[in-house]
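A.B. asks: A predicted structure for the sequence below; I have some questions about it.
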Amino acid sequence: MTPKILIIGASGQIGSELTQKLRSIHGAENVIASDISYNNVELVNSGIFERVDAQDYTSVKICIEKYQINTIYLMAAMLSATGEKFPRKAWDLNMDSLFHVLNLAKEGFIKKVFWPSSIAVFGPTTPKENTPQYTIMEPSTVYGITKQVGERWCEYYHKQYGVDVRSLRYPGIISWKTMPGGGTTDYAVEIYHKAIAEKKYECFLSEETELPMMFMDDAIKATIDIMDAKKDDVKIKSSYNLSAVSFTPREIAESIQKHIPEFTISYNPDFRQKIADSWPKSIDDSRARDDWNWKHAFSLDDITNEMLTNLKAKAE
Ligand code: AKB
């Protein structure tokens, strides 16, 4: 099958880089970017871009029919921190969009779906170290609840209707091209911007808050790898644990200080601390490594090097 791809939520942190990567692989004409607004000018100007409202079934369907789409990456979502401010909106956006896409697949319009889950599916009662694939999951954020419920629906649509849906539990994603928005792990991107601009950063999480993180290039690779994997190799139909590195705000600051010795960090935890405290510190992703050969490439110091080099070049 030649993929004819629609990315929903293409203007966001992961969506924008995923769009560019998929265009370089499949050709710009085969990868349609879409979002609710035209605010990512670079993306709008670099290929086909459609305004699609992920919460409106007809809006998604019209776009699918117009371009004969057979593969969807559903990247639109409200993340953990914003979701706590707007619980009902987070529920509606995250669930409506998933149902529309799963139903379009069930109805035969779409052959393959990617839907991201998150470490937010885990909660305070989950084992925190090396969190297993299958374990206690009692998420305490609305975002986490939508992701956990979404995983159940993905598996259900696969079992009942044969829908080919693939999913990863993303950790915090670190990137220099597009800012994240509304997440608890966003500090790990902001810190690099502030290190360059001001040589200091006030962190909204405490010094020893350890969370699983990943460089964008690794996240994009994992996403494309699971979508390219043979159907039979993708054995988990809910969502795969996915992991690269784990670190604390103190450790990321120390990594930055290797390049900018005068950089300082202070701590002023806010409501996001409670969210972070409910999530795992590290993740066991051996199923992804065994089933479809997942491997990460970037360590914390590699990430720091990439972030500072690219952000400095961008600022000049
Ligand atoms: C968030 O912090 O909400 C996200 C996530 C871990 O899914 N980055």
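C.D. replies: Received it, and whenever you're ready, just let me know what you need.
A.B. asks: mind listing the helices for the stretch 101-250 of the chain?
C.D. replies: Ranges of helices in the stretch 101-250 of the chain, per DSSP state H, counting those that start in this stretch, are 142-161, 187-197, 216-228, 249-257.
A.B. asks: tell me the buried residues in the second one?
C.D. replies: Pointing back at helix 187-197 there. Neighbour-count burial for helix 187-197 flags Y187, A188, V189, I191, Y192, H193, K194, A195, I196 (criterion: 16 or more other C-beta atoms under 10 Å). Glycine gets a C-beta too; all of them are placed from N, C-alpha and C.
A.B. asks: name the SS class of the most far-flung residue of the chain relative to its centre, please.
C.D. replies: Distance from the C-alpha centroid of the chain, by C-alpha atoms, centre = their mean, peaks at E262 (32.0 Å). On the three-state scheme (DSSP: H, G, I helix; E, B strand; the rest coil), E262 is labelled coil.
A.B. asks: any idea how far the ligand is from it?
C.D. replies: From E262 across to the ligand, the span is 29 Å (C-beta to the nearest ligand atom, to the nearest Å).
A.B. asks: same deal with A219?
C.D. replies: 10 Å.
A.B. asks: same question, Y201
C.D. replies: Here the criterion is C-beta to the nearest ligand atom. By it, Y201 lies 17 Å from the ligand.
A.B. asks: is that residue in contact with K194, as I believe?
C.D. replies: Yes: taking contacts as C-beta atoms under 8 Å, Y201 lies within contact range of K194: 4.1 Å.
A.B. asks: what residues are up against L168?
C.D. replies: P116, S117, A222, T223, I226, S239, Y240, L242, A288 (C-beta atoms under 8 Å, 6 or more residues apart in numbering).
A.B. asks: dump the buried residues of helix 187-197 into JSON lines; add pLDDT and distance to the ligand as well.
C.D. replies: Shown next, in JSON lines, are those (pLDDT from 0 to 100; distance: C-beta to the nearest ligand atom, whole Å):
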{"residue": "Y187", "pLDDT": "98", "distance to the ligand": "9"}
{"residue": "A188", "pLDDT": "98", "distance to the ligand": "9"}
{"residue": "V189", "pLDDT": "98", "distance to the ligand": "10"}
{"residue": "I191", "pLDDT": "98", "distance to the ligand": "14"}
{"residue": "Y192", "pLDDT": "98", "distance to the ligand": "15"}
{"residue": "H193", "pLDDT": "98", "distance to the ligand": "16"}
{"residue": "K194", "pLDDT": "98", "distance to the ligand": "18"}
{"residue": "A195", "pLDDT": "98", "distance to the ligand": "20"}
{"residue": "I196", "pLDDT": "97", "distance to the ligand": "22"}
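A.B. asks: out of the helices of the stretch 101-250 of the chain, the one nearest A315 is which?
C.D. replies: For the helices of the stretch 101-250 of the chain, the distance to A315 is smallest for helix 187-197, at 6.2 Å, taking C-beta to C-beta.
A.B. asks: contact partners of the closest one?
C.D. replies: Helix 187-197 has contacts (C-beta under 8 Å, 6+ apart) with 172, 174-176, 179-180, 200-201, 203-205, 211, 213, 249, 252-253, 256, 260, 263, 265, 304, 307-308, 311-312, 315.
A.B. asks: next one: it to chain centre, how far?
C.D. replies: Centre-to-centre, helix 187-197 and its host chain are 19 Å apart (C-alpha atoms, centre = their mean, to the nearest Å).
A.B. asks: relative orientation of it and helix 216-228 in degrees?
C.D. replies: With axes from the mean of the first three to the mean of the last three C-alpha atoms, to 10 degrees defining the directions, helix 187-197 sits at 150 degrees from helix 216-228.
A.B. asks: pull the CA atoms of helix 187-197 into PDB?
C.D. replies: Below are the C-alpha coordinates for helix 187-197, written out as PDB (Å, rounded to 0.1, in the frame of the first residue of the first chain):
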ATOM      1  CA  TYR A 187      10.400  22.400  31.600                       C
ATOM      2  CA  ALA A 188      13.000  20.100  29.900                       C
ATOM      3  CA  VAL A 189      12.600  22.200  26.700                       C
ATOM      4  CA  GLU A 190      12.100  25.700  28.300                       C
ATOM      5  CA  ILE A 191      15.300  25.200  30.300                       C
ATOM      6  CA  TYR A 192      17.500  25.200  27.200                       C
ATOM      7  CA  HIS A 193      15.800  28.300  25.800                       C
ATOM      8  CA  LYS A 194      16.400  30.100  29.100                       C
ATOM      9  CA  ALA A 195      20.000  28.800  29.400                       C
ATOM     10  CA  ILE A 196      20.800  30.500  26.100                       C
ATOM     11  CA  ALA A 197      18.800  33.700  26.600                       C
END
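A.B. asks: heads up, I number from 61, so please use that
C.D. replies: Understood, numbering begins at 61; the last thing we discussed is helix 247-257.
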